[in-house]
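Engineer: Can you look at this prediction? I've put the sequence above it.
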Amino acid sequence: MRHSADCMSDAEDAVTELIEALKQNGLVFPSVRVEVASYARESPCPLIELGRTAVDTVRRLSALLRRDEGGAVR
């Protein structure tokens, strides 16, 4: 059985949310997308490709993830 349209739509929405959250923090992952094979694959749920990313972007993302809500590094 293929993924339901709702499952694929949810994955596409998650990608959109991630892209917007990254942009709000000055980060761009140019290859973020729903894995193409997910559109034809059977369960489990679709995978999201984060794609190829420059080293400096990965470091900035790592620093961002280490910060708490107040901006302090954990």
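Structural biologist: Ah, there it is.

Engineer: For the longest helix anywhere in the chain, list every residue counted as buried.
Structural biologist: In the chain, ranked by residue count with DSSP state H as the criterion, the top helix is helix 5-24. Within helix 5-24, the residues that qualify as buried are 8, 11, 15, 19, 22, counting by 16 or more other C-beta atoms under 10 Å. C-beta coordinates here come from the backbone N, C-alpha and C atoms, glycine included.

Engineer: Check what contacts the helix or strand following that helix and list those residues.
Structural biologist: Next along the chain after helix 5-24, taking DSSP states H and E as the criterion, comes strand 33-34. When contacts are defined by C-beta atoms under 8 Å, 6 or more residues apart in numbering, strand 33-34 is touched by residues 8, 11, 12, 15, 46, 47, 48, 49, 51.

Engineer: which non-adjacent residue is nearest residue 22?
Structural biologist: Leaving aside its chain neighbours, residue 22 sits nearest to residue 29 (5.9 Å; criterion: C-beta to C-beta, 6 or more residues apart in numbering).

Engineer: Number of residues surrounding residue 29?
Structural biologist: Under the neighbour criterion other C-beta atoms under 10 Å, residue 29 is assigned a count of 20.
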